[in-house]
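Asks: What follows is a predicted protein model with its sequence.
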Amino acid sequence: MFGKGFSKAKQHWCIVLYPLLFDWLTILIATVTVGITMSRSFATDFAIGPQLPTVEGLLTETNSLLMNYEAFAQEMNGGWLMMAVFLIYLIIAVFIEGGYYYLIWRGINGESVDVRTFLSGARKFWLRFFLLGLLVMFLVFVAGFAGLLLMHYFATFGFVLTLIVIVLVRVVMIYLEFVLVTEDTWVIESIDRAYHLFKASKLSDVIGFALLMGATSAAFGLALNLIAEPWLLPVAAPVVIFVLTGFLFTLMFMMDDARMRLQKA
């Protein structure tokens, strides 16, 4: 399955350009406007399942490009500035995300993946991904609050338990973002559909995929945060985004297999 996924990513390499150009533009704007400050840390972020692949997404909070804007906003006493930057970033990101997933779906079916197709998918699905993003942020806030309570009473065990629950939910909902596009559904209906597709999948395949994608993305993130050099971000972006796109093509094939099992059941 991984061979099929990465073969499709190589065949449709142009799909990589959309998140790559977005990543490069984010890095350029941050460099020109506020500058990029990074500090070495033995820490990382990771990706399991669909998310717009960028080097920004693998940076720790202290090295995040958005956090550079936050520091600048604090100096200017302009909390509104940070909110505006984050909102603009989110809207552009979900617009690209919708078109990007749509192209991956079209790609595994041997259909057109040109710019017009990208724009069609982006316009159609951006609002759904925006609403999903708001829901995720709310759930992360709730999980963070619950995690603080657990850490207060159970210390490190509480933190580990919270992390395990978050990862398990992500794995169970691993097809969610794809379902929004492939089933042409809205968020609530997609959650139910994604759960049924997960149940129709081979558990060993899903766990193996999650472990491999999580470990690979974590290794990329660890390297970026340990080296902590701004020049490395645009250099590493093409490799990081291509590899993660290969994983997402693989996951789309896995979901397609699960859909066929549901239809036969």
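Replies: Received the coordinates, thanks. Numbers count the residues shown, from 1 in each chain.
Asks: Which helix or strand in this structure has the lowest average pLDDT?
Replies: None of the helices or strands of the chain scores lower by mean pLDDT, DSSP states H and E than helix 65-75, at a mean of 64.
Asks: And the following helix or strand past that helix, what's buried?
Replies: Moving toward the C-terminus from helix 65-75, the next helix or strand (DSSP states H and E) is helix 79-108. Residues of helix 79-108 classed as buried by neighbour count (16 or more other C-beta atoms under 10 Å): 82, 85, 89, 93-108. Backbone N, C-alpha and C define where each C-beta goes, glycine included.
Asks: Same question for stretch 4-11.
Replies: Across stretch 4-11, burial judged by 16+ other C-beta under 10 Å covers 5-6, 8-9.
Asks: By residue count, what's the longest helix in this structure?
Replies: helix 115-154 (DSSP state H).
Asks: circling back to that earlier point, of the buried residues of stretch 4-11, which is the nearest to Thr117?
Replies: Taking C-beta to C-beta as the measure, Thr117 lies nearest Lys8 of those, at 15.3 Å.
Asks: That closest one: helix or strand, and which one exactly?
Replies: Here Lys8 sits within helix 2-11, counting by DSSP H and E.
Asks: and the angle from the helix or strand just after that helix to helix 115-154?
Replies: Scanning forward in sequence from helix 2-11 by DSSP H and E, the next helix or strand is helix 17-33. Counting by axes from the mean of the first three to the mean of the last three C-alpha atoms, to 10 degrees, helix 17-33 lies at 70 degrees to helix 115-154.
Asks: what comes into contact with helix 17-33?
Replies: Helix 17-33 has contacts (C-beta atoms under 8 Å, 6 or more residues apart in numbering) with 36, 52-56, 65, 68-69, 72, 89, 92-93, 96, 99-100, 103, 118, 230, 233-234, 237-238, 241, 245.
Asks: Likewise for stretch 140-155?
Replies: Taking C-beta under 8 Å, 6+ apart as the rule, stretch 140-155 contacts 157-159, 161-162, 165-166.
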